[in-house]
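model the following, please.
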Amino acid sequence: MTQAQPERASGTRMLTAFGETPAQIQAELHKAFGRFEAAIPDHQGHWLTSPAEGRWSPAQVTEHVLLVNENVARIVALLLSDTPLRAGPAVPGQTLDGKRLAPAGLEPGEGLPWDALEPRWQASRAVLDGVAARLEGADLTRRYFHPFLGEIDAHDWTRMVTFHLRHHCRQLAEGQPAGAETAQPAGREA
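The predicted structure is shown next:
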């Protein structure tokens, strides 16, 4: 396991692909949520089954995305507020075999049925939609540390959610059992 160096400049430039203005950022977020949610029914027949050893099941992927969404919603709300920011530990993310590992606290459990995750999913989506609607006029000098991107602002944290949703939507599609079909996400790939 290695520590990844924050990708400050290149990472945040990559995120602008997910919208340059607050309205574009919000629209890209909506599209990414729609694509991820549209893929969920395709995985119900193998929801709790890992596609390969060491890989997460669709339920675990979805729970991880949910945990990240809940966490980021709190961070963006903090960045958009007048609450003073406290310097916390800037712990770089970990990688294994070139793949980013989920930070502690953002790893899924053994897997829950979609019916158990859906209420939390919808609540976190509503919170993210609410904070994304408030991005106009955000103080972009207010930043919070991301383990792989370094200090980023409210716009980039919201863009990161879009990137993360798209990444894991592709992961779900790639992890389909042989012979299964799923709708491929349309549009630009992250």
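
please count neighbours and contacts with C-alpha atoms only from this point.
Fine.

and stretch 165-174, what's buried?
Within stretch 165-174, the residues scored as buried using 16 or more other C-alpha atoms under 10 Å are L165, R166, H167, H168, C169, R170, L172, A173.

also stretch 19-30?
Buried-residue list, stretch 19-30, by 16+ other C-alpha under 10 Å: G19, P22, I25, Q26, A27, E28, L29, H30.

with stretch 32-40 instead?
The neighbour-count check on stretch 32-40 (16+ other C-alpha under 10 Å) flags A32, F33, R35, F36, E37, A39, I40 as buried.

just how off-centre is that stretch within its chain?
12 Å (C-alpha atoms, centre = their mean, to the nearest Å).

what do you get for stretch 95-109?
That offset, for stretch 95-109, works out to 13 Å (C-alpha atoms, centre = their mean).

do stretch 95-110 as well
With C-alpha atoms, centre = their mean, you get 13 Å for stretch 95-110.

which SSE is immediately downstream of whichever strand or helix holds A59?
Assigned by DSSP states H and E, A59 belongs to helix 58-80. Going down the chain from helix 58-80, the next helix or strand is strand 94-96, by DSSP H and E.

who does that following strand pair up with?
strand 2-3 (antiparallel), strand 99-100 (antiparallel) (DSSP bridges).

on that earlier part again, now the buried residues of stretch 32-40 in TSV, with distance to L79?
Formatted as TSV, those follow (distance: C-alpha to C-alpha, whole Å):
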residue	distance to L79
A32	22
F33	22
R35	27
F36	26
E37	27
A39	31
I40	31
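
in strands, which of these appear?
Using DSSP state E, the subset of the buried residues of stretch 32-40 located in strands is empty.

among the residues you listed, which are in helices?
Among the buried residues of stretch 32-40, DSSP state H puts A32, F33, R35, F36, E37, A39 in helices.

if we can go back for a sec, max pairwise distance over the buried residues of stretch 19-30: which two?
The largest separation in the buried residues of stretch 19-30, counting by C-alpha to C-alpha, is between P22 and H30 at 12.4 Å.

grab the nearest non-local neighbour of R134.
L80 (7.6 Å; C-alpha to C-alpha, 6 or more residues apart in numbering).

hang on, isn't the one you found packed against T141?
No - using C-alpha atoms under 8 Å, L80 makes no contact with T141, being 10.7 Å away.

which one's more surrounded, these two?
L80 (22 against 11; other C-alpha atoms under 10 Å).
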